[in-house]
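A.B. asks: any chance you can model this:
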Amino acid sequence: MNTRAVRLGQRCALSHAHARHATPRRTVCARAAATSDVGQLRRLSDAQLEQAVKESRTELIKLEMKKASRQEFKAHEMRAYKKKVAQLLTVKREREIEQGISKKESRKAEKNAALAKYKQQLQDANIVIQRPKSTKLRWKKREAARSEK
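C.D. replies: Model (predicted):
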């Protein structure tokens with residue numbers, strides 16, 4: 001038998017033996033782990049759920065920005081926040097299922113809510129967006145003008 005394999009085998013056996021007796025190390029971001037218990041998440045109101053999802057996604061974006069700019073960040077926090085967002089969205093979807101809302105209706109409602117919020121922001125800022133006139137109408141006007149000549 002190869003001495004290198006024996007050394008590797010011994011090293012693995014030692015590390016496994018040590019791992020069994022050592023206390024488990026769990027270092028998770030305090031903010032992400034604060035409400036990781038699903039029971040606690042189910043007690044939150046719909047508005048609190050939405051707020052928690054928004055905060056967790058914001059933190060995820062901040063961590064991704066740190067990663068992209070090669071700043072120091074804790075990689076385990078990304079996983080914790082992703083897990084928290086997934087748990088929050090699962091609780092939200094469970095409530096929709098209890099109310100009999102289909103997945104399609106849910107997505108449509110979210111889309112309409114986001115659009116209404118965007119329109120309200122535009123209205124508050126006194127910004128008016130006009131749709132461009134369709135090319136079909138322009139062609140009809142050109143045809144009418146040409147036929148008159």
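
A.B. asks: flag the shaky bits of the protein, pLDDT-wise.
C.D. replies: 1-36 (pLDDT under 70).

A.B. asks: for this structure, what's the longest helix?
C.D. replies: Among the elements of the chain assigned as helix by DSSP state H, the one spanning the most residues is helix 75-99.

A.B. asks: what are the buried residues along that helix?
C.D. replies: When burial is assessed from 16 or more other CB atoms under 10 Å, helix 75-99 yields the following buried residues: Glu77, Met78, Ala80, Tyr81, Lys84, Val85, Gln87, Leu88, Val91, Lys92. For every residue, glycine as well, the C-beta is placed using N, CA and C.

A.B. asks: where does the one residue sitting closest to the centre of the chain sit: helix, strand or coil?
C.D. replies: With distances taken as CA atoms, centre = their mean, Arg57 lies nearest the centre of the chain, 5.1 Å away. Here Arg57 is helix, with the state taken from DSSP: H, G, I helix; E, B strand; the rest coil.

A.B. asks: try Asn126
C.D. replies: Following three-state DSSP, Asn126 is assigned to coil.

A.B. asks: measure how buried it is and give me the count.
C.D. replies: By other CB atoms under 10 Å, the residues close to Asn126 number 6.

A.B. asks: picking that back up, what is the longest helix of the chain packed up against?
C.D. replies: Using 3 or more CB pairs under 8 Å, 6 or more residues apart in numbering; DSSP states H and E as the contact definition, the elements that helix 75-99 packs against are helix 30-33, helix 38-42, helix 46-68.

A.B. asks: what's the closest of those helices to Lys149?
C.D. replies: Minimum separation from Lys149 across the helices and strands packed on helix 75-99 (CB to CB) falls at helix 46-68, 58.6 Å.

A.B. asks: list the buried residues for that closest one?
C.D. replies: Taking 16+ other CB under 10 Å as the basis for neighbour counts, the residues of helix 46-68 that come out buried are Leu49, Ala52, Val53, Ser56, Glu59, Leu60, Leu63.
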